[in-house]
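> Take a look and give me a structure for this.
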Amino acid sequence: MINLVVKDLNKRFGGLHVLKGVNFEINGPELVGLIGPNGAGKTTVTNILDGAIKPNSGTVYLNGQRIDQSIITLALCYFIVNVFIVLLGGMFMSVVDDMDVTTAMSSVIATLMNIGPGFGDVGPSENFAFISDTGKWFLSLLMLVGRLEMFSALVLFYPSFWRT
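This is a model prediction of the structure:
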């Protein structure tokens, strides 16, 4: 069961105090609506909850654990990097092996996410045999990154990892 608690959420934009002492709790499978007139701060609350903006003060708890802004930022970065790897990898495979977009993207997704067959020419009734050696090496690298957990591979590029 999910429990979301928001305590004393405050947000200022310059001199304008948009949110002041917002408190609410959502328990379990509930359908909840956030209503109010234009300018009441509904979008600001949802933007704070999804990590798009930082509150000036207040805390958000999910299942009793405080949600730190850095965790939200890292999760968002992970998602964005994932999307870029799929898009750039699909373009690379499309250029290297002259694949259609469906085959190129699904070959990258299938190897990176370790999900098995893809769509197009690498679908369930096909295989990866027609792909060039360069393409196979690239997909193998993606497979390693996916199997070693992409996040741990991306940590190598995070500056604080190298600081003592």
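> Would you mind identifying the helix or strand in the chain with the lowest mean pLDDT?
helix 150-154 (a mean of 67; mean pLDDT, DSSP states H and E).
> is the residue nearest to residue 66 when sequence neighbours are not counted in a bridge, and if so with what?
Nearest residue to residue 66 in three dimensions, chain neighbours excluded: residue 59, at 5.8 Å (C-beta to C-beta, 6 or more residues apart in numbering). All C-beta atoms are positioned from the backbone trio N, CA, C, and that covers glycine. On the basis of DSSP bridges, residue 59 is bridged to residue 7.
> What is the longest helix of this protein by residue count?
Taking DSSP state H as the assignment, the helix of the chain that covers the most residues is helix 69-97.
> Give the burial count for residue 133, as a bare number.
Per other C-beta atoms under 10 Å, the neighbour tally for residue 133 reads 8.
> What's the separation between the residue positioned nearest the centre of the chain and residue 16?
Geometric centre of the chain, nearest residue: residue 79, 2.4 Å, by C-alpha atoms, centre = their mean. According to C-beta to C-beta, to the nearest Å, residue 79 stands 31 Å off from residue 16.
> what comes up buried for stretch 13-21?
18-19 (16 or more other C-beta atoms under 10 Å).
> give the contact list for residue 67.
By C-beta atoms under 8 Å, 6 or more residues apart in numbering, the contact set of residue 67 is 60-61.
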